[in-house]
Structures are given as structure tokens and as C-alpha cells.
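K.L.:
the following comprises the amino acid sequence and a computationally predicted model.
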Amino acid sequence: MTRFKPGDAVCGVTGFGAFAEEIVVDADKLFALPAGVPFDVAGAFILAYGTSHHALKDRGALQAGETLVVLGAAGGVGLAAVEIGKVLGARVIACASNDGKLALCRAHGADETINYSTEDIKDRIRELTGGKGADVVYDPVGGAYAEMALRSMAWRGRYLVVGFANGEIPRIPLNLPLLKGCSLVGVFWGSLAKHEPRAAAAGVQELFGWLTAGKLRPEISARYALAEGPAALRAMLDRRVTGKVVVLPEA
Ligand SMILES: NC(=O)c1ccc[n+]([C@@H]2O[C@H](COP(=O)([O-])OP(=O)(O)OC[C@H]3O[C@@H](n4cnc5c(N)ncnc54)[C@H](OP(=O)(O)O)[C@@H]3O)[C@@H](O)[C@H]2O)c1
């Protein structure tokens, strides 16, 4: 018994194996696409926005009026966090490694920006928040930025551990959460779908509602043919990608 019939438009998260013309996916890992949402947008949307929605709304309990700091903000999950932060009514500070990436973040709604190649994250966050610090930090990057951002947390802040694009898993001095009275919160959207499939599906439904209402604008910065899949991955590794790139079987 399945919720789907031949010809339905669906998207899903497979983990591995999606660089292919055809793939078999468990029906419970699929979501029905709303009318009018193209497949390339769905491909760029589901994992990035699903992760950031779970992170900010569910794990971070981000409230309207709070300050959200997003590291790696011009990347796939980062740009999704910038947009969802704005939908949830937060003031969003986007952090990235060059001014072109920061301009993109502003175009997607960021209120303030920090270039962490040239500016001290901790000092700038304190400056931009009048000394209070960040209520929520969204970190998909890791490495040296993590401790600096944690040192800028507000009282009762939530530090969201999303990923380690930098390649280095930070080792955090545990006196910091104590001194700040803040929480370190793990985020793993793939596991949410496994442990709480209804919660994951409800999150995706809310996201599709925001997408079709025009509140979210997934950024597809490049499209690659299937045979060019390795070049797409190379661009990500080289830190050249903004938003999402998609690999198209039919291109
Ligand atoms: N927890 C979850 O459920 C979940 C779900 C999806 C993804 N993730 C993880 O989140 C991370 C980001 O995913 P993404 O799709 O947003 O990736 P992405 O589009 O490549 O973005 C990653 C960002 O990290 C920054 N970065 C810093 N050092 C880097 C380096 N050495 N190499 C590459 N990027 C570097 C880059 O921004 P700057 O150049 O501006 O620093 C880049 O924009 C990954 O580690 C991924 O595995 C976690």
C-alpha cells in the first residue's frame, strides 16, 4: 500500500545514489510535490530547507525579535537558514568568507553581515547586538569559527551544531556553555525523518506552504549535466558554490 501512484511528482532524500537517471526510494522517504514546483527547485529545496526548519524552529525554538547568527550563510543550508529566520521574524546576521557571498545573503533577507575572513566574529556580533550577544547561532561550518561564535552567545542562547563543512570538528571548552547559560544543540534532519517521520513530514508541509506563497526563494547558482556530477562536488569542495547547485539527469 502506498500514498503514491504512477506519474505523481515527488521528491525525496536518499543519502546516496541520487546521481542517476532512475532510483528506487522507500515511499516513506518521499514527499508529494505541490503543483507548480519544478523538479530542480525541489532538488535544491528539500534537504537544505528541511534541515534549517528543523534546526531553527524545532531545535532552536527561534522566536520573533531574537537575533540569529548564521555561519556559512551563503551555502546551501546557510542561505535556507537566513530565509527561514526572516520568515520566523528574527533579526538575521549572515556570516561568510567574502563580500560577494554576503551581498547574496542580503538579497535573501539578511539584516546584517560579517565577513569572517576579515572581521572578528565575536567582536562584531557583540557590536551588532549592543553587547547582548546572539540568541541563536546556526553553525554548518565548524572549525575555528565555532568557539568564536559560541563566545558571543546571549544568556539562554542556543548554539545549533549543524555540520562541519570546514572539515574540522571543533572541540569546545565546556566552561563556555556554563558561563553563558546557553545550550549546545545537535541537529540531524535525516535522523528526525527516521525517529519522528510525522514531525519531518509536517515540517516539509509548512515549508512547501511558505515556498508556494513566495516567502522562500531557493537559490540555484549552477546546473550540471549528470556526467558533470564530479565537477559540481569539486566546486563545493573549493568553496565556490553559493546556494545550491543541481545535477540534472536530462541535461
Ligand atoms: N545536520 C544535518 O541534518 C545536516 C543536513 C544537511 C547538511 N549538513 C551539513 O552542513 C554542512 C553544510 O552543507 P551545505 O550543503 O550548506 O554545504 P555548502 O553549500 O558547501 O556550504 C558550506 C559553507 O561552508 C563554508 N566553508 C568553510 N570552510 C569550508 C571548506 N573548507 N570547504 C567547504 N565549505 C567551507 C563555505 O562558506 P564560506 O566560504 O562563506 O565560509 C560554504 O558556503 C555540511 O557539513 C553538511 O554535511 C547537515
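P.N.:
Yep, it's here.

K.L.:
the helices in the stretch 51-200 of the chain, which residues?
P.N.:
Per DSSP state H, counting those that start in this stretch, the stretch 51-200 of the chain has helices spanning 76-87, 99-107, 121-128, 144-150, 175-180, 189-195, 197-212. These are given in chain order.

K.L.:
could you identify which of those is most buried?
P.N.:
helix 76-87 (a mean of 27; mean count of other CB atoms under 10 Å). From N, CA and C alone the C-beta is placed, and that goes for glycine too.

K.L.:
which elements pack onto that one?
P.N.:
Judged by 3 or more CB pairs under 8 Å, 6 or more residues apart in numbering; DSSP states H and E, the packing partners of helix 76-87 are helix 39-53, strand 67-70, strand 91-96, helix 99-107, strand 134-139.

K.L.:
could you export that helix as CSV, CA atoms only?
P.N.:
These are the backbone C-alpha positions of helix 76-87, laid out as CSV (Å, rounded to 0.1, in the frame of the first residue of the first chain):
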residue,chain,number,x,y,z
GLY,A,76,23.1,25.5,0.9
VAL,A,77,21.8,25.1,4.4
GLY,A,78,23.0,28.5,5.4
LEU,A,79,21.0,30.5,2.9
ALA,A,80,17.9,28.4,3.8
ALA,A,81,18.5,29.4,7.4
VAL,A,82,18.7,33.1,6.5
GLU,A,83,15.4,32.9,4.7
ILE,A,84,13.6,30.8,7.4
GLY,A,85,15.0,33.1,10.1
LYS,A,86,13.3,36.0,8.4
VAL,A,87,10.0,34.1,8.0
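
K.L.:
now do that helix, average pLDDT.
P.N.:
With pLDDT averaged residue by residue, helix 76-87 scores 98.

K.L.:
okay, the angle between that helix and helix 197-212?
P.N.:
Counting by axes from the mean of the first three to the mean of the last three CA atoms, to 10 degrees, helix 76-87 points 70 degrees away from the direction of helix 197-212.

K.L.:
perfect, that will be all.
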